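Q: With the sequence up front, the predicted model follows.
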Amino acid sequence: MGGLEAKRRRKTWIVVSSVLVVVLAAGTAVVLTVQPWTEEFRHGGLTIAAAPAAVRPMPQVSPAPATAPAPSAAGLAAALAQVSTTPDLGVFAASVTDAETGNVLWTMDPDKPMIPASNAKVLLSAAALLALPPDHRVTTRVVAGTVGNELVLVGGGDPTLTAQPDGKGYYENGPRIADLVQQIKKSGRKFDTIVVDTSAYAGPTLAKGWDPVDIGGGSIAPIESVMIDGGRLDPMVEYSPRTTTPALDAGRRLARELGVDPDKTRIGTASPGAVEVAAVHSAPLRDRLRDMMVHSDDVLAETIGREIAAAAGAELSFDGTVTAMGTTLRAAGFDTTGLALFDTSGLSVDDLIPPRLLDRLVAVAALPYNAGAQATSGADAGAADPLAALLDYLPVAGATGTLAERYTERNRAAAGWVRAKTGTLDVASSLVGYVLDNDGRVLTFALMSNQRLPAASRPALDAFTAVLRNCGCS
């Protein structure tokens, strides 16, 4: 059948190629000669357009125009009158600044200490950029134990270690247990016990104002100096339930990978000057800050906070970290009046930050991008360059991170134009970032809502930023 069908097709082509097609049009016979090898025949008589010229994509980010008109305080106040007074915002405090001049254009209780939720991470990022080099890394080591059959896993403060078989864990470019195993085996040492040293961190593993239910809920793990994939029980799921014993679990996983009985893993300390057997390093600080901000990762926030404490010579604890952060920000010229923190992630319901401070941090970060800007103090001007990277860590409305699912149905005109850090607790919602308005002017903002459930307050915050985007307030 296959051969017969093929022959029939060839015969048909021969017949078609030799016949004349007669078309009757208005009583007149028109004779068309059909030639099947022509383009017109193959495309039903349609004319084939020439192929378009090749286009080379040239993606780029254009700066805000230097000639954009300055917004007026009166125009902005009129535009914000309705969205700033909606009851959906609950107890509301805010600050909006013209990034070109550094002038504060609009406020509502800007000095009022408010629960920031995850916008505490804006302060953390600013302090980290001021205190640490962008390529700073954290080291996880394995050293010889006090007796010959022991190895000690020494936590240096990196929660991004992974044991995934392909080496690609939850955190991008995280160090691998497999590399530690390879180095240990290459050393030729014999051992049957793993000791885990968590002494780098001091104090409690949970902060004041934390709810232990958030461990099972996937927001946090006890803050210990070594973890695998942030303590997630399912390494590739963002809000996977977390372990209550992250450091011990890391030691047990190392034991299994080495073929050692994981039950022979215990918490202990390394001897001073112990011989190093293996070591792996975290991704650079710049990458970990980006991941922490875009995905609002609480564990990363708390461990990066302790890097700031270490740089300041402070205790690597919740108390030592928040003290070091405040000291770092004040040294850079920022007014921290009203600041009261008990963690660096913002998970504590007892944290308080005035919107004035958050707005000022973003406005100063924008200074290098505005040639005409004038800082209000020499300290601010000095802080501007290291803080500039803060703007790149902010999620994009309707596109990335914790803003990916917002601005997609309502307030869509602001999608892509707003970049902001989100903060959400049952008792608080906040947005801190910047937007390019319709006149081409960059406006920074800190918007903080307390005592209203997120289902009401978050859309109200989005609507506020949409007004900023659409405001031609010059």
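A: Cool, the structure landed.

Q: per the record, what domains does this protein have?
A: Annotated domains of the chain cover 73-132+333-470, 139-283 [automatic domain parsing].

Q: tell me how far the ends of the shortest one are from each other?
A: Going back to what we said before, that points to domain 139-283. Using Cα to Cα, to the nearest Å, the end-to-end distance of domain 139-283 comes to 10 Å.

Q: hang on, the earlier thing: which stretch among the domains of the chain comes nearest G320?
A: domain 139-283 (7.3 Å; Cβ to Cβ). Yep, even glycine has a C-beta here, placed from its N, CA and C like the rest.

Q: how about the closest residue to L347 other than its chain neighbours, what does it touch?
A: Nearest non-adjacent residue to L347, counting by Cβ to Cβ, 6 or more residues apart in numbering: D298, 5.3 Å away. For D298, the contacting residues are 118, 219-220, 345-347, by Cβ atoms under 8 Å, 6 or more residues apart in numbering.

Q: Check the spacing between D298 and S345 real quick.
A: Between D298 and S345 the computed distance is 4 Å (Cβ to Cβ, to the nearest Å).

Q: ok so, going back, winner for burial among the domains of the chain?
A: domain 73-132+333-470 (a mean of 21; mean count of other Cβ atoms under 10 Å).

Q: how much distance is there from it to the middle of the chain?
A: Distance of domain 73-132+333-470 from its chain centroid, counting by Cα atoms, centre = their mean, to the nearest Å, is 16 Å.

Q: hmm, back to that, same list (the contacts of D298) but as CSV, adding distance to A466.
A: Output for these, formatted as CSV (distance: Cβ to Cβ, whole Å):
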residue, distance to A466
S118, 21
S219, 28
I220, 32
S345, 28
G346, 24
L347, 28
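
Q: Let me have the domains of the chain in TSV, adding distance to A53 and mean pLDDT as columns.
A: Below are these laid out as TSV (distance: least, Cβ to Cβ, whole Å; pLDDT from 0 to 100):
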stretch	distance to A53	mean pLDDT
domain 73-132+333-470	29	92
domain 139-283	38	96
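
Q: Using a markdown table, please lay out the ones you listed together with distance to D319.
A: Listed next are the domains of the chain as a markdown table, based on distance: least, Cβ to Cβ, whole Å:
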| stretch | distance to D319 |
| --- | --- |
| domain 73-132+333-470 | 9 |
| domain 139-283 | 6 |
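
Q: Which among the ones you listed is found nearest to T67?
A: Nearest of these (Cβ to Cβ): domain 73-132+333-470, 8.0 Å.

Q: Please measure how far the first residue of that closest one sits from its last one.
A: End-to-end distance of domain 73-132+333-470 (Cα to Cα): 15 Å.

Q: just stretch 107-124 next, same as before
A: 23 Å.

Q: and the residue most central in space within the chain, what does it touch?
A: The chain has V294 as the residue nearest its centroid, 1.3 Å off, counting by Cα atoms, centre = their mean. By Cβ under 8 Å, 6+ apart, the contact set of V294 is 393, 395, 400-402.
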